[in-house]
Structures are given as structure tokens and as C-alpha cells.
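1. Here is a sequence together with a model predicted from it:
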Amino acid sequence: MATLGHYLIVSGLLFTIGFAGVMLRRSIIIIFMSLELMLNAANLSLVAFSRFRVAPDGLPNYNAHVFVFFIITVAAAEVAVGLAIIVALYRARQTTHVEDISSLKF
Amino acid sequence: MFAALMLVFGAAVVLNRNPVASALSLVLSFLGLAALFMSLDAYFIGIIQVLVYAGAVMVLFLFIIMLLDIRAEERRKLNVVAVVGGGAVALALFVQICLVVGQLRGADETAPALPAGAADDVRQVGLLLFGSYNLPFQVIAVLVLVATIGVIVLSKRELR
């Protein structure tokens, strides 16, 4: 039987995969996908806590579901804006490689 | 099993050299995550996950990858320090998470059984969303409008 700890470990592992993607990959699109993975790992732990820490009436804590709903909405808006920025960047520089975009680098 | 599916394809997102293969792995990873949500009795969230991520977000990603015609990353000289450092930081993060979960009170308890006929989570979420969370809901609507306008402004030919 799956326990709360199992769900949290899976969520942590997914977050770590996303984090490693952001740290290791140099393509801006892959970095963006890894960001999505990290957001979803946070969602998974929220839903797991809502299911395992039930309210006094025995139902899951639905506030977490509303919170996850808001996170998904914001993430979708963020993806749309981010990809538009990537397209604008590609038009200006003809690259999606983060090492080629270093004008602001110290 | 769905957790394993999700993690394998999540790793495939990071490890694949071809961006299209990465994006398709991301779809499968999100489908596994939606199945995990359903196993936690969060049917509404699971369905939203499939609709929004596996549907809308993935189409956007694939559209951009194909629009920009990004080929598989040619093998560049890997920055060894960055790879080792990044891997070490990610590993340290995971160890830290494991330690925190190990100390968490009640981390080894199984899910309490729901009362009979309690599977109407769409109704409960809807009541909360249009009741106590009505104002944040409206703010989110404004945010989506602002994002739409922002995307249109960004995609215009010249940013003058």
C-alpha cells in the first residue's frame, strides 16, 4: 500500500529530474520543459498531502485541489508567454542555446 | 507502476538530444502524473492535467520546436565543471528531500478510507472555487487575459 512518504519521494525525484534538466541542459526549450516538470512535482506533493491529511469530516482537503488548479492555470499562461519570448529571441539571435545568449553576463 | 512510468519519461525529457523526442516523453510523463492524481482520488485535477498539459501545452511546445526548426543538439564540448557541479547539486537536493521526508511525522501512514459516496470532488472543488476563492478566480481570469495580450505584443514583427 502506498504511503505518504512514497508519494513525497516520487515527487522529490521528479523535482530533482527537473532541476537536473535546468542545471545540465543548454537548450532553452529543454530548460523550459524541465521547469514544467518541477511545477508538476510540487502539484503532486500538494495533492498527496490533501489526500493523506483528511479534514475532520473524512474528505480530502479540497483547498489543495483549488491551489493546484490555480498553479496549472498560471503555468499554462507562463508557457504561452515564455514560448513567445523564445520565438522573439530566436528572431533576434537565430539561436536557442543559452551559451550563445550572454550579453547580460557579467 | 505509473510512478515508474512518469519518472522514466521524465528522465527521458532531460536525457534526449532530440527536442521532439523530449517533448513526446514529456507528454507520457504528464499522463503518468495524471494517473497518479487519479490514484489519489483527485479526478478533477487528473483530467485538468491531461487537458491542459498533454493537450494544450504540448501542442504549443511541438509547434514552437517545429516552427524554429531546432535540430538535435550537435555534440558540443561539454563543460565538465558545469555537468559535475549541476549533478552534484541535484543529488544533494534529492538527499535533502529524502532526509526531510524521513523525519516527517506520519510519513508511513496509508491513506485513510474516504466515506462512502465521497467521489464528487468536482462538486467540492467547484463550491470552493466559486465560493471562498471567487476573487482569486477572477484575478486568474485577468491574468490569462494579460498573458494573451502579452503574447500578441511579443509576437509582432518589430518590437518598437
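-> Looks like it came in fine.
2. contacting residues around stretch B:128-146?
-> Residues outside stretch B:128-146 that contact it (Cβ atoms under 8 Å, 6 or more residues apart in numbering or on different chains): A:62, A:63, A:65, A:66, A:69, A:70, A:73, A:74, A:77. The way it works is simple: take the backbone N, C-alpha and C, and place the C-beta from them, glycine included.
3. If we go by neighbour counts, what in that stretch is buried?
-> For stretch B:128-146, burial by neighbour count (16 or more other Cβ atoms under 10 Å in any protein chain shown) applies to B:128, B:129, B:133, B:137, B:140, B:143.
4. Just give the nearest non-adjacent residue to residue A:50, would you?
-> residue A:64 (3.4 Å; Cβ to Cβ, 6 or more residues apart in numbering or on different chains).
5. Over the helix or strand harbouring the one you found, what's the mean pLDDT, rounded is fine.
-> Using DSSP states H and E, the element containing residue A:64 is helix A:62-93. For helix A:62-93, mean pLDDT rounds to 89.
6. List the residues that contact the most centrally placed residue in chain A.
-> Nearest residue to the geometric centre of chain A (Cα atoms, centre = their mean): residue A:39, 2.1 Å. Neighbour list for residue A:39: A:71, A:75 [criterion: Cβ under 8 Å, 6+ apart].
7. Please, which helix or strand holds it?
-> Residue A:39 is located in helix A:28-52, with elements delineated by DSSP H and E.
8. chain center to that helix, what's the gap?
-> Averaging C-alpha positions (Cα atoms, centre = their mean, to the nearest Å) puts helix A:28-52 4 Å from its chain's average.
9. Helix A:62-93 and that helix, what's the angle between them?
-> Following axes from the mean of the first three to the mean of the last three Cα atoms, to 10 degrees, one obtains 180 degrees for the angle between helix A:28-52 and helix A:62-93.
10. Adding distance to chain B and neighbour count, write the contacts of stretch B:128-146 out as TSV.
-> TSV is the format used below for the contacts of stretch B:128-146 (distance: Cβ to the nearest Cβ, whole Å; neighbours: other Cβ atoms under 10 Å in any protein chain shown):
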residue	distance to chain B	neighbour count
A:62	5	20
A:63	7	15
A:65	5	26
A:66	5	24
A:69	7	22
A:70	6	17
A:73	5	18
A:74	7	15
A:77	4	19
